[in-house]
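> Sequence first, predicted model second:
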Amino acid sequence: MRKQPSYQQRPYVPLSDLLDFSGKTAVVTGGADGIGLAIARRFAEAGASVVVGDIQPGRIGVLADEGFDVRYVRTDVTREEDLEALIDVAIGAHGSVDAFVNNAGIYPLRPIDEIDEAFWDRMFSVNTKAMFFGARAAGRRMKQQGGGGAIINLSSICAHKPMANHCAYDASKGAVIAMTRNLAIALAPHDIRVNSISPGLTATPGNLKPELFRQLEDSGVLNNIPLRRQAEPYEIANTALFLASPMASYMTGTDMLVDGGWFLHGI
């Protein structure tokens with residue numbers, strides 16, 4: 001008699017272990033402040049060893065002072081060799097890279113007629129090119145390790161909703177979503193999942209500058225968000241932790257809008 005085949009090829013993960021990253025290593029670019037710092041904290045709280053790559057250490061020392069296993073590596077994400085070195089440090093210190101979060105990004109704004117070649121190239125160098133080379137470096141190491149992994153790219157609500165003076169930024173973040181989908185297909189045979197997050201308006205240090213916040217209030221942007229507020233950085237970080245965890249084990253090539261419903265305005 002032929003044996004009934006089993007389709008449960010992956011081990012069942014108990015609820016208590018779904019967000020346990022003990023023994024895992026997470027690498028976060030641009031993790032010295034804002035959303036990146038919140039992501040680094042969430043992974044550290046979940047038990048992961050965290051390696052942050054950023055151009056400056058920013059406030060990352062706060063996490064180390066609180067007793068979390070977090071280290072800083074000076075990283076210029078526009079340099080492929082810096083991204084490779086960041087991964088090498090993580091593996092040298094902890095033996096593996098299990099989650100890689102492409103968070104580093106810039107968002108200077110200019111009207112279309114004021115965008116020059118240098119401005120456009122800088123935007124894509126940080127927001128798009130760096131994400132590809134970071135994801136590729138992480139993906140290569142994950143393949144060598146075996147056992148899969150998770151790569152998370154930070155896109156933006158602006159990839160979905162065009163905004164005034166955001167042309168270069170919108171284009172760079174839209175490219176991130178297209179790239180995420182392509183990487184997801186390429187890395188799926190190695191059980192490496194690639195997803196992206198599109199945050200809406202988030203209360204980062206840059207967005208909390210008094211002059212910018214006044215502009216937001218005066219423009220009525222908050223009235224276009226059904227939840228009537230900005231996101232807290234930890235709310236974006238929660239999504240990153242979810243996507244890297246076994247809770248999202250059957251998700252790849254997906255972009256998750258975390259925008260308080262802003263995308264719905266005008267539909």
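Received it, and whenever you're ready, just let me know what you need. Residues are numbered from 1 along each chain as shown.
> which residue ranges form the strands in this structure?
For the chain, the strands defined by DSSP state E cover 25-29, 49-54, 70-74, 99-102, 149-154, 192-199, 255-258.
> Ok, which of those strands comes nearest D88?
Nearest of the strands of the chain to D88, taken as C-beta to C-beta: strand 70-74 at 9.4 Å. Using the backbone N, CA and C atoms, a C-beta is placed for each residue, glycine as well.
> Kindly provide the distance from G47 to M123.
36 Å (C-beta to C-beta, to the nearest Å).
> Compare these two (neighbour count), which wins?
Using other C-beta atoms under 10 Å as the criterion, G47 and M123 rank with M123 on top: 24 against 14.
> what residues are up against the more buried one?
M123 sits next to I106, P108, A168, Y169, A171, S172 when contact means C-beta atoms under 8 Å, 6 or more residues apart in numbering.
> Repeat that for G36.
Residues in contact with G36 (C-beta under 8 Å, 6+ apart) are V28, T29, G30, V52, D54, V101, N103, A104.
> okay, and for this protein, where does confidence drop off?
1-8, 206-219, 267 (pLDDT under 70).
> And for N182, the neighbour number?
By other C-beta under 10 Å, the residues close to N182 number 12.
> From T239, how far off is it?
Distance of N182 to T239, given as C-beta to C-beta: 21 Å.
> Next: R59.
For R59 relative to T239 (C-beta to C-beta), the value is 21 Å.
> and the strands of the chain as CSV, adding distance to G220 and mean neighbour count?
Listed next are the strands of the chain as CSV, based on distance: least, C-beta to C-beta, whole Å; neighbours: other C-beta atoms under 10 Å:
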stretch, distance to G220, mean neighbour count
strand 25-29, 33, 30
strand 49-54, 34, 27
strand 70-74, 39, 19
strand 99-102, 32, 30
strand 149-154, 26, 26
strand 192-199, 20, 25
strand 255-258, 21, 19
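> closest one to A138 among these?
strand 99-102 (3.5 Å).
> Tabulate the CA atom coordinates of that closest one in PDB.
Extracted in PDB, the C-alpha atoms of strand 99-102 (Å, rounded to 0.1, in the frame of the first residue of the first chain):
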ATOM      1  CA  ALA A  99      17.500  39.200   8.400                       C
ATOM      2  CA  PHE A 100      18.700  42.200   6.400                       C
ATOM      3  CA  VAL A 101      16.700  45.500   6.500                       C
ATOM      4  CA  ASN A 102      17.400  48.000   3.700                       C
END
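> Right, I'll call it a day here.
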